[in-house]
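**Q** Could you work out the structure for the sequence below:
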Amino acid sequence: MKKTIINIVLILTMFIIYYLQSNFFNWFTISGIMPNLFVVFVLFIGLFASKTMGTIYGIVTGLILDLVIGNKIGTYAIGLGTIGFMAGLFDKNFSKDSRITIMVMVLVATIIFEIIRYFINYVLLSNSIEIMNFIKILVIEVIYNLILTIIIYPLIQKAGYYIENEYKGNKILTRYF
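**A** As a prediction, the model looks like this:
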């Protein structure tokens with residue numbers, strides 16, 4: 001029962017993030033670039049729930065975004081699915097207790113997501129990618145995501161440990177051995 005409620009809350013959170021992305025952050029762009037809270041959201045699910053759940057939420061969220069705002073179906077799905085899978089790998093190798101560690105994870109996840117997205121756009125859509133424009137977008141989006149992660153980190157940590165206890169149980173010692 002608790003897992004069902006957690007999934008409903010996560011789906012509602014996904015819609016709230018979509019609302020924030022499409023309405024609220026349009027007012028606060030830097031050079032027309034907004035933060036990508038979906039990367040942080042999928043990373044959060046993969047870190048605290050599981051690698052499988054992070055991948056599934058990443059693909060589903062990506063497909064919804066592809067249908068609503070994407071040029072081709074699969075661009076966001078592949079990128080966010082990869083982030084969800086990668087978050088499960090981060091969970092095994094890094095601590096989630098440190099704010100710096102979470103910030104490094106967000107930094108790496110944002111860079112990987114943008115590289116995947118631009119590579120897929122280059123291959124599938126045959127768009128020409130200007131490297132300097134790509135680097136500008138990447139740097140601004142990374143900084144934006146890091147600032148928002150610093151702000152919402154206490155909420156992420158509290159909700160994350162609750163989700164982790166429900167999905168993984170309290171297996172602190174067995175996780176390291």
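
**Q** From here on, just use CA atoms for contacts and neighbour counts.
**A** Will do.

**Q** show me what contacts the residue nearest the centre of the chain?
**A** Centrality entry for the chain: nearest residue to the mean C-alpha point is Val39, 1.9 Å, by CA atoms, centre = their mean. For Val39, the contacting residues are 80, 83, 106, 109-110, 113, by CA atoms under 8 Å, 6 or more residues apart in numbering.

**Q** next one: phi and psi at it?
**A** Dihedral angles of Val39 (phi, psi; degrees, to the nearest 10) stand at phi -60, psi -40.

**Q** Tell me how far it lies from Thr82.
**A** Using CA to CA, to the nearest Å, one gets 10 Å for the distance from Val39 to Thr82.

**Q** Could you tell me which residues touch both of those two?
**A** By CA under 8 Å, 6+ apart, Val39 and Thr82 have these common neighbours: Phe113.

**Q** Point out the ones among the contacts of Val39 that are inside strands.
**A** For the contacts of Val39, not one is inside strands, with DSSP state E as the criterion.

**Q** Which pair of those spans the longest distance?
**A** Greatest spacing in the contacts of Val39, by CA to CA: Leu80 and Val106 (12.6 Å).

**Q** Would you mind telling me which of these two has more residues around it?
**A** Leu80 (35 against 24; other CA atoms under 10 Å).

**Q** and the nearest residue to the more buried one once chain neighbours are set aside, how many residues sit next to it?
**A** Spatial nearest neighbour of Leu80, chain neighbours left out: Gly58 (4.4 Å); criterion: CA to CA, 6 or more residues apart in numbering. Residues contacting Gly58 under the criterion other CA under 10 Å number 29.

**Q** same question, the one 3 residues further on
**A** By the other CA under 10 Å criterion, the neighbourhood of Thr61 contains 23 residues.

**Q** same question, the one 3 residues further on
**A** When counting by other CA under 10 Å, one arrives at 16 neighbours for Ile64.

**Q** And the pLDDT for it?
**A** In this prediction, Ile64 carries a pLDDT score of 91.

**Q** What spatial separation is found between it and Leu80?
**A** Computed with CA to CA, the distance linking Ile64 and Leu80 is 11 Å.

**Q** so what secondary structure elements neighbour the top helix by length along the chain?
**A** With DSSP state H applied, the helix covering the greatest number of residues in the chain is identified as helix 131-168. Contacts defined by 3 or more CA pairs under 8 Å, 6 or more residues apart in numbering; DSSP states H and E place helix 131-168 against helix 2-19, helix 37-48, helix 99-125.

**Q** Which helix or strand contains the residue nearest to Leu80?
**A** helix 51-69 (DSSP states H and E).

**Q** name the helices or strands packed onto that helix?
**A** For helix 51-69, the elements it packs on are helix 37-48, helix 75-93, judged by 3+ CA pairs under 8 Å, 6+ apart.
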